[in-house]
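Novice: pasting the sequence and the predicted coordinates here, then a few questions.
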Amino acid sequence: MGLRNGGCVEAEWRQVIAVDQDGRPALVAHQLGKGKTLLCAYPIEIYLANQPSAFERKDQTQRIYQSLQEWAGIKAMVSTDDPSVEASA
């Protein structure tokens, strides 16, 4: 995987999960043996960091993390349906 001219992600032998508005790979997955890699071509963490109280609003921002957890096959020891409540063990 690499960048072409213009900064576009090349995804020749990976699975493109999502594309951007211009049809370029935005979310790319690859699995090798038991390992999984998920690459996002956009800085999601910066977007979330710039959202005041991102997990306290009624939007669905927290679903990004829930989806990544499910995709990776990680089972939470403790969970909550309320995004404004942090649960940990």
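Specialist: That came in fine, so what should we check first?
Novice: who's in contact with the helix or strand hosting Ser67?
Specialist: Assigned by DSSP states H and E, Ser67 falls within helix 63-72. Residues from elsewhere that reach helix 63-72, judged by CB atoms under 8 Å, 6 or more residues apart in numbering: Ala29, Lys36, Leu38, Ile44, Leu48, Ala76. All C-beta spots, glycine's among them, are computed from the backbone N, C-alpha and C.
Novice: please report phi then psi for the fifth one.
Specialist: Meaning Leu48. Taking degrees, to the nearest 10, you get phi -70, psi -40 for the backbone angles of Leu48.
Novice: do I have it right that it meets Tyr42?
Specialist: No. Contact between Leu48 and Tyr42 fails when scored by CB atoms under 8 Å: they sit 11.4 Å apart.
Novice: neighbour count: these two, which is higher?
Specialist: Remark: of Leu48 and Tyr42, Leu48 carries more neighbours, 14 against 11, as counted by other CB atoms under 10 Å.
Novice: which of the contacts of helix 63-72 count as buried?
Specialist: Neighbour-count burial within the contacts of helix 63-72 applies to Leu38; the criterion is 16 or more other CB atoms under 10 Å.
Novice: no further questions, thank you.
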